[in-house]
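> Mind looking at a prediction? Sequence and model below.
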Amino acid sequence: MKTEIPHALSVKPHKRNLPLRVGTRGSPLARQQTQTFLHLLSTFCPVLRGMQVFEEHVIVTTGDAVQHKALADIGGKGLFAKEIHEQLLAGTIDFAVHSLKDLETVLPGGIALACTLKREDARDALILPPGVEVNPAEPYGALKQGSVVGSASVRRQAQMKFARPDLNFTLLRGNVGTRLGKVGKNGLDATLLAYAGLKRLGLAEKASMLLSPEQMVPAACQGIVGITVRAEDTELLSLLSGIENREARAVSRAERALLGALDGSCRTPIGGYARLLEDGSLHLTGLVARADGSFLLKRSLIGAVADAERLGHELGASLKADSPGDIFEP
């Protein structure tokens, strides 16, 4: 039952009613990420500690409700955020917590990305049945000829098919626990998961092998948590800017700009991964492919952090110009 707290709290610089209502998807990973964010916010803002100031609202999104179809077949972009942002605009919640890779490149009108949190390990993890031995030098060597890999990601499928054309893929969706539990059963030989999610859930040991960004280019913004608010809520925008991670902001700007320049559909295998080098410059890798692995183009750019968005646009334009046009068709 929703409980309203009648008094107000001074959250710089104005007063607002409590509790602060946070929207989240209902998966164990989404709720874990929400709790991590709220703890971080409370630590940063001492006046929020030790009080019942947050109210969690679990929101069912289209992406969560429809599990038996590929995302591209039920509407494509924004399927894990649409209903959350509708409630944000309606004033039902004050802010929302997302896996940044699930957000559209262009947010709905009236919605702002308030901050990005420190990136967790962005690598993809290969999941094999217990007892299967792996060789780090041959990431897919443990998979026998014609193995079946469960995945809903055309990005992962394209890169694996490019390396191993013999592999077969079947749709596998659901939360982390569901997907882990299906490996080794009913003919499913493997799956891939974001290592960040496994770590956040305390399941890091489930990863049979970690794939480097060179072996498997991650999804843009994989491992980054983003917080959205109403664009007009300058109070929360100001507060949340205090917990912004500068490195996450820089790399996510580059990766999201890359996505924006490519403007692919959910059927387009696209990868994007940016990192800061020791000299402080930004290294961005982008990938475009066909889902069947018959085409794959990967390129990188290096530039100043201040030029993160320009680098993303430039690399995206370069990849798009040299890729077959049919790859970007709806």
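Perfect, thanks for sending it.
> show me where the chain has helices.
Ranges of helices in the chain, per DSSP state H, are 28-44, 62-65, 82-90, 154-163, 176-182, 195-200, 234-240, 246-262, 308-321.
> now those as a markdown table including mean pLDDT and mean neighbour count?
In this view, the C-beta of every residue, glycine as well, is placed from N, C-alpha and C. Rendered in a markdown table, the data for the helices of the chain read as follows (pLDDT from 0 to 100; neighbours: other Cβ atoms under 10 Å):
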| stretch | mean pLDDT | mean neighbour count |
| --- | --- | --- |
| helix 28-44 | 93 | 17 |
| helix 62-65 | 68 | 16 |
| helix 82-90 | 94 | 18 |
| helix 154-163 | 96 | 23 |
| helix 176-182 | 93 | 15 |
| helix 195-200 | 97 | 22 |
| helix 234-240 | 93 | 18 |
| helix 246-262 | 96 | 23 |
| helix 308-321 | 97 | 19 |
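> Among those, which comes closest to residue 221?
Ranking those by proximity to residue 221 (Cβ to Cβ) places helix 246-262 first, at 5.1 Å.
> which strands and helices sit next to that closest one?
strand 111-116, strand 270-276, strand 282-289, helix 308-321 (3 or more Cβ pairs under 8 Å, 6 or more residues apart in numbering; DSSP states H and E).
> Would you convert the ones you listed into JSON lines that also reports distance to residue 150?
Below are the helices and strands packed on helix 246-262 laid out as JSON lines (distance: least, Cβ to Cβ, whole Å):
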{"stretch": "strand 111-116", "distance to residue 150": "30"}
{"stretch": "strand 270-276", "distance to residue 150": "19"}
{"stretch": "strand 282-289", "distance to residue 150": "19"}
{"stretch": "helix 308-321", "distance to residue 150": "28"}
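> hang on, the earlier thing: need the helices of the chain in JSON lines with distance to residue 295, can you?
Formatted as JSON lines, the helices of the chain follow (distance: least, Cβ to Cβ, whole Å):
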{"stretch": "helix 28-44", "distance to residue 295": "32"}
{"stretch": "helix 62-65", "distance to residue 295": "27"}
{"stretch": "helix 82-90", "distance to residue 295": "31"}
{"stretch": "helix 154-163", "distance to residue 295": "8"}
{"stretch": "helix 176-182", "distance to residue 295": "27"}
{"stretch": "helix 195-200", "distance to residue 295": "27"}
{"stretch": "helix 234-240", "distance to residue 295": "41"}
{"stretch": "helix 246-262", "distance to residue 295": "14"}
{"stretch": "helix 308-321", "distance to residue 295": "11"}
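> on that earlier part again, which one of the helices and strands packed on helix 246-262 lies closest to residue 194?
strand 270-276 (12.3 Å).
> if we can go back for a sec, to residue 131, which of the helices and strands packed on helix 246-262 lies closest?
That would be strand 270-276 among those, by Cβ to Cβ, at 30.5 Å.
> For residue 155, give me its contacts.
217, 219, 269, 270, 271, 287, 289 (Cβ atoms under 8 Å, 6 or more residues apart in numbering).
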